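Colleague: fold the following, please.
(2 chains)
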2 protein chains.
Amino acid sequence: MKLYDAEWAPSPRRVRIFLAEKGLEIERQVLDLRAGEQLSDPYLRVNPRGAVPALELDDGEVLCESAAICRYLEALHPKPSLFGTSAIEVGRIESWTRRVESDGYTAAVYVFRNCLPVFSGRGEPGSWPSIPQIPELATRGGIMWRAFTDALDERLGASEWLAGDQYSFADITALVTIDFARAAKLEIGEEQANIRRWHDAASARPSASA
Amino acid sequence: MKLYDAEWAPSPRRVRIFLAEKGLEIERQVLDLRAGEQLSDPYLRVNPRGAVPALELDDGEVLCESAAICRYLEALHPKPSLFGTSAIEVGRIESWTRRVESDGYTAAVYVFRNCLPVFSGRGEPGSWPSIPQIPELATRGGIMWRAFTDALDERLGASEWLAGDQYSFADITALVTIDFARAAKLEIGEEQANIRRWHDAASARPSASA
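Modeller: Below is the predicted model:
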């Protein structure tokens, strides 16, 4: 199989951290996002959605969406589990993953995509028809980010890792989100000490440099 | 366990359809969304996020997020599987579920939340600080809906169900999204015959009335 990957972008990094935690290596083809390679004809034949990552299987089938790629790999290589083994672990990990995505990651994308001139006409990620930027979404993203990180800080005051006492896909998702959000000038507050403790621990894992 | 549920809203319906497909019955408490019961103090003590559904377990723990509730229930009651059993099924179902959510469901929420006066100051679902509506998001939602349904129609021209030849969580997600989108005046085009064929089949299952 082959992973279509890209430097810096959050979703490809989510898969790379996942692979590193699993101890898996996969052939990679790195796309140049700054040059728009994800929207070029050759790549749109791989993934018409124009998004990275994508996983091309040996029979030619292509799996898109970072969470789907990771779940596929977890099914092939169950240990160490990053999506949980008991029912309650499965539920908690999915719940926190979704919370981080819908509240935190969405906030960061709102800001990131709707301010910078480089994304003019590309207000949503992927190969859409022209989508005008909406500067008010950056304001909305800022409101959401503050509320999200306050809730995250409260949770991490009560739990070592986001979904319990084991590092999981929810932590990968949160790490990628927080590091990506910096590019949108969304930061963790000095007083959000629980997030800082957790972020230091997650960042110290070898997988974080993937 | 007890499910905090609500009439009409898409995420609670996703769980109800899932339960019906599994043949499971759970005690339910139905919140009155029009009266704002999901943002009342008693419910915010159950789910501070102010969103339905939520699943309260017998030990008092509360699982939020419809996808997490369904995955928890699938882990407890694996058959019939709605998230897939083989690795490739797992990957395909998650991929299409995510695609429907990020492209179709997001488009519908953009329109639904940013036009109607009833959602003034509540531009995002849940218990956020005041979030002003952004009418331009309705325009964006319309652009996205058309592109999303074109891609969906193409997919359903090649596959009986969204993720393959078995009905899955991806179909539940798409059915709930399309029916919800009507409230935002986002429709399926007359010419999108593959979606119509699939929508008729999904709607004819007894679970669709859940």
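Colleague: give me the neighbour count for A:Ser86.
Modeller: Close neighbours of A:Ser86, defined as other Cβ atoms under 10 Å in any protein chain shown, add up to 12. Just so you know, the C-beta spots here come from the backbone N, C-alpha and C atoms, and that holds for glycine as well.
Colleague: I meant A:Pro206, not that one.
Modeller: For A:Pro206, using other Cβ under 10 Å, the count is 9.
Colleague: I figured it hits A:Leu19, correct?
Modeller: No - applying Cβ atoms under 8 Å, one finds A:Pro206 not in contact with A:Leu19, separated by 11.9 Å.
Colleague: for B:Ile88, see how far away the residue of chain A most remote from its centre is.
Modeller: Going by Cα atoms, centre = their mean, the residue of chain A most distant from its centre is A:Asp59, 26.7 Å out. A:Asp59 is 9 Å from B:Ile88, where distance means Cβ to Cβ, to the nearest Å.
Colleague: now A:Trp128
Modeller: 28 Å.
Colleague: can you check A:Glu154 too?
Modeller: 39 Å.
Colleague: got the domain boundaries for chain A?
Modeller: A:2-76, A:87-209 (automatic domain parsing).
Colleague: show me where chain A has strands.
Modeller: A:2-6, A:27-31, A:54-56, A:62-64 (DSSP state E).
Colleague: out of these, which gets nearest to chain B?
Modeller: Chain B sits nearest to strand A:62-64 of all the strands of chain A, at 4.7 Å, using Cβ to the nearest Cβ.
Colleague: the closest one pairs with which strands, and in what direction?
Modeller: Partners of strand A:62-64 in the sheet, by DSSP bridges, are strand A:54-56 (antiparallel).
Colleague: how far off centre is the strand it pairs with?
Modeller: Averaged C-alpha coordinates place strand A:54-56 at 16 Å from its chain's average position (Cα atoms, centre = their mean, to the nearest Å).
Colleague: check stretch A:198-209 too.
Modeller: 15 Å.
Colleague: export it to PDB, keeping only CA atoms.
Modeller: In PDB, the C-alpha atoms belonging to stretch A:198-209 read as follows (Å, rounded to 0.1, in the frame of the first residue of the first chain):
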ATOM      1  CA  TRP A 198      -0.700  16.900  28.700                       C
ATOM      2  CA  HIS A 199       0.700  18.700  25.700                       C
ATOM      3  CA  ASP A 200       4.300  18.300  27.100                       C
ATOM      4  CA  ALA A 201       3.600  14.600  27.600                       C
ATOM      5  CA  ALA A 202       2.100  13.900  24.200                       C
ATOM      6  CA  SER A 203       4.900  15.900  22.500                       C
ATOM      7  CA  ALA A 204       7.600  14.000  24.300                       C
ATOM      8  CA  ARG A 205       6.500  10.700  22.700                       C
ATOM      9  CA  PRO A 206       8.700   9.700  19.800                       C
ATOM     10  CA  SER A 207       5.600   9.600  17.600                       C
ATOM     11  CA  ALA A 208       5.000  13.400  17.900                       C
ATOM     12  CA  SER A 209       7.900  14.100  15.600                       C
END
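Colleague: pull out the buried residues from that stretch.
Modeller: Under the neighbour-count criterion of 16 or more other Cβ atoms under 10 Å in any protein chain shown, stretch A:198-209 has A:Trp198, A:His199, A:Ala201, A:Ala202, A:Arg205, A:Ser207, A:Ala208 buried.
Colleague: hmm, back to that, looking at A:Glu154 and B:Ile88, which one has more neighbours?
Modeller: Taking other Cβ under 10 Å, A:Glu154 and B:Ile88 do not tie; B:Ile88 has more neighbours (18 against 14).
Colleague: find the nearest non-adjacent residue to that one, please.
Modeller: Excluding the flanking residues, the one nearest B:Ile88 by Cβ to Cβ, 6 or more residues apart in numbering or on different chains is A:Tyr72, at 7.0 Å.
Colleague: and that neighbour, how far from A:Leu175?
Modeller: Counting by Cβ to Cβ - A:Tyr72 and A:Leu175 are separated by 21 Å.
Colleague: what ranges does chain A have for its helices?
Modeller: Along chain A, counting by DSSP state H, helices occupy A:10-22, A:41-46, A:66-76, A:87-99, A:106-115, A:136-156, A:169-181, A:193-204.
Colleague: ok, now which ones touch A:Arg13?
Modeller: When contacts are counted by Cβ atoms under 8 Å, 6 or more residues apart in numbering or on different chains, A:Arg13 touches A:Val176, A:Asp179, A:Phe180, A:Ala210.
Colleague: distance of the closest residue to A:Lys185 other than its chain neighbours relative to A:Arg13?
Modeller: Sequence neighbours aside, A:Val111 is the residue nearest to A:Lys185 in space, at 7.3 Å (criterion: Cβ to Cβ, 6+ apart). Using Cβ to Cβ, we find A:Val111 at a distance of 18 Å from A:Arg13.
Colleague: repeat for A:Ile69
Modeller: Taken as Cβ to Cβ, the span from A:Ile69 to A:Arg13 is 12 Å.
Colleague: quick one: average pLDDT of stretch A:108-123?
Modeller: Stretch A:108-123 carries an average pLDDT of 92.
Colleague: returning to that earlier point: and the domains of chain A: which comes nearest B:Ser40?
Modeller: Taking Cβ to Cβ, domain A:87-209 is the member of the domains of chain A nearest to B:Ser40, at 18.6 Å.
Colleague: I'd like the distance from the closest one to the chain centre, please.
Modeller: For domain A:87-209, the separation from the chain centroid amounts to 8 Å (computed by Cα atoms, centre = their mean).
Colleague: end-to-end on it?
Modeller: This stretch, domain A:87-209, spans 30 Å end to end (Cα to Cα, to the nearest Å).
Colleague: give me the number of residues near the residue lying closest to A:Gly123 once chain neighbours are set aside?
Modeller: Once flanking residues are discounted, A:Gly123 sits nearest to A:Ile131: 4.1 Å by Cβ to Cβ, 6+ apart. For A:Ile131, the neighbour count with other Cβ under 10 Å is 21.
Colleague: that'll do, ta.
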